[in-house]
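*Asks:* here's a sequence, model it:
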Amino acid sequence: MELSIFESRRVFLFRSLQVIAAPVLFRRSASSTRSAGVKWTLPLVEPAIIVIKGKRVLELYSAGRLVKTYRVGLGLSPVEDKVRAGDRRTPEGDFYICLKNPRSQFYLSLQLSYPNEKHAARGLRDGLVTRDQYKQTLHALNRKRLPPQNTKLGGELFIHGNGSQRDWTWGCVALDDADMRELYDAIPIGTPVTIKH
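*Replies:* Take a look at the predicted model:
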């Protein structure tokens, strides 16, 4: 969900938070499924996330193995790739988690590094961003930082809680709160996220 500048600045303050967790076995949530026979503990080894929009699922990986699948809700216009602010589309492509917000208005949230290089290049070509905004985006991405969030491409896209029963966000990926707590505790900043059609 796209947030106000005030909310964005408040969220930014939590950028340096790190997850401190002892090994834990997670219980099965009613809205998610664990891959057969896989026991997982924290910290995960080289965690990764894949969201498959067409199936409305988020897959969590550790050391290249699928350890958990969660049901998700998407943006109100879930089929197409995100193009601009306010289009209510969930972006597609490769991202990373650049911020963890424990005080999200949507329970908990993990911020995606949107726009990525592909979105920024298309935005430059289509006149949605200036050459300077494009360069700022690439600079941030190369340093694994938060790209500019205040361009016509939009920003402030998260994996967050508040329910997966329907597509209702402005472009975010939404989980049920119990699943979001589990994912939030498992995922460090920098975790790669791939969102596929």
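
*Asks:* what sits against residue 90?
*Replies:* The neighbours of residue 90, taking Cβ atoms under 8 Å, 6 or more residues apart in numbering as the test, are 51, 53, 74, 75, 78, 82, 157, 169, 171, 172, 173, 195. Using the backbone N, CA and C atoms, a C-beta is placed for each residue, glycine as well.

*Asks:* confidence-wise, which of these comes last?
*Replies:* Among those, residue 78 has the lowest pLDDT, at 92.

*Asks:* would you agree that residue is in contact with residue 168?
*Replies:* No. The pair residue 78 and residue 168 fails to qualify as a contact (Cβ atoms under 8 Å) at a distance of 9.9 Å.

*Asks:* now tell me what touches the longest helix seen in the chain from outside.
*Replies:* Counting residues, the longest helix found in the chain (DSSP state H) is helix 131-142. Residues from elsewhere that reach helix 131-142 (Cβ under 8 Å, 6+ apart): 113, 115-117, 120-121, 123-124, 129, 146-148, 151.

*Asks:* filter these down to the buried ones.
*Replies:* Neighbour-count burial (16 or more other Cβ atoms under 10 Å) applied to the contacts of helix 131-142 gives 113, 115, 116, 117, 120, 123, 124, 129, 146, 147, 148, 151.

*Asks:* got JSON lines for the residues you listed, with distance to residue 106 too?
*Replies:* Putting those into JSON lines (distance: Cβ to Cβ, whole Å) gives the following:
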{"residue": "113", "distance to residue 106": "18"}
{"residue": "115", "distance to residue 106": "21"}
{"residue": "116", "distance to residue 106": "22"}
{"residue": "117", "distance to residue 106": "27"}
{"residue": "120", "distance to residue 106": "26"}
{"residue": "123", "distance to residue 106": "26"}
{"residue": "124", "distance to residue 106": "31"}
{"residue": "129", "distance to residue 106": "27"}
{"residue": "146", "distance to residue 106": "18"}
{"residue": "147", "distance to residue 106": "21"}
{"residue": "148", "distance to residue 106": "22"}
{"residue": "151", "distance to residue 106": "23"}
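
*Asks:* adding secondary structure and pLDDT, write the contacts of helix 131-142 out as JSON lines.
*Replies:* Compiled in JSON lines, the contacts of helix 131-142 are given as follows (DSSP: H, G, I helix; E, B strand; the rest coil; pLDDT from 0 to 100):
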{"residue": "113", "secondary structure": "coil", "pLDDT": "98"}
{"residue": "115", "secondary structure": "coil", "pLDDT": "98"}
{"residue": "116", "secondary structure": "coil", "pLDDT": "98"}
{"residue": "117", "secondary structure": "helix", "pLDDT": "97"}
{"residue": "120", "secondary structure": "helix", "pLDDT": "98"}
{"residue": "121", "secondary structure": "helix", "pLDDT": "98"}
{"residue": "123", "secondary structure": "helix", "pLDDT": "97"}
{"residue": "124", "secondary structure": "helix", "pLDDT": "98"}
{"residue": "129", "secondary structure": "coil", "pLDDT": "97"}
{"residue": "146", "secondary structure": "coil", "pLDDT": "97"}
{"residue": "147", "secondary structure": "coil", "pLDDT": "98"}
{"residue": "148", "secondary structure": "coil", "pLDDT": "97"}
{"residue": "151", "secondary structure": "coil", "pLDDT": "97"}
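
*Asks:* cool, thanks, talk later.
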